[in-house]
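Student: Build me a model:
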Amino acid sequence: MLNRICWLLLVTCLVIDTSWAADNPFVGKWKLNPSRSKLSDEMKVERLSGNKYAFDFGSGDPETVVADGTDQPANSATTLAVTAEEPNKWKVVRKKDGITIITATWELSQNGNTLTDHFTNISSNGIKSSLDYVYDRTAGTAGFAGTWESDSVQVNSVFEFQIEPYEEMAFPSSILLSKQLKT
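Tutor: Numbers count the residues shown, from 1 in each chain. Below is the predicted model:
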């Protein structure tokens, strides 16, 4: 009789845990709706000397790079290469383990107050997603050096992500009941 009650409790807990996951409004596949989303970004570029710059892409941990097109050590075990293709056009490439994960082409407007960033992210499975950021200068006076803020982003790719229930949510109650069954 006790064994039957324990099995019934185990099944009940598993059903409740499973139905919780099914009823959780966050679980499922989500897709970005650009018309209902506001993407904002800030980055800072500080000219240190000559063609040596410090880049802060919002982490608060600047990366120092010479803008000579070579891969240089950067944050999060990556490399960063910045190439001045023209006076108002830079190419930025980030790699991880020698594989390109981000490319960006930065273009300054004629008056130097707007920076357009044609940004492409390349996932580990090779899928590319791209955005076009338009930044306004909020500090600095000339060139790429300055503080740049954007709330104008054109999404050029479909952004989808999947939220799944955390596996541990059903696990503890199952373990607890199985331990009770053994005693």
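
Student: Checking residue 76 next. Helix, strand or coil?
Tutor: helix (DSSP: H, G, I helix; E, B strand; the rest coil).

Student: Next up, the contacts around the residue nearest to the spatial centre of the chain.
Tutor: Per Cα atoms, centre = their mean, the C-alpha nearest to the average position across the chain is that of residue 121, at 9.1 Å. Each residue near residue 121 by Cβ atoms under 8 Å, 6 or more residues apart in numbering is listed here: 101-102, 128-130. Yep, even glycine has a C-beta here, placed from its N, CA and C like the rest.

Student: Which of those residues are buried, as a ChimeraX select command?
Tutor: Those of those that count as buried under 16 or more other Cβ atoms under 10 Å are selected in ChimeraX with:
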select :102
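
Student: can you list the contacts of residue 121 in TSV and add secondary structure?
Tutor: Converted to TSV, those look like this (three-state DSSP):
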residue	secondary structure
101	strand
102	strand
128	strand
129	strand
130	strand
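
Student: Closest to residue 23 out of the contacts of residue 121?
Tutor: Set against residue 23, the nearest of these by Cβ to Cβ is residue 129 (31.0 Å).

Student: wait, isn't that closest one in contact with residue 120?
Tutor: Yes: counting by Cβ atoms under 8 Å, residue 120 is a contact partner of residue 129 at 7.2 Å.

Student: Helix or strand: which one has the residue nearest to the centre of the chain?
Tutor: strand 114-122 (DSSP states H and E).

Student: Please apply the same query to residue 64.
Tutor: Residue-wise, residue 64 maps onto strand 63-66 under DSSP H and E.
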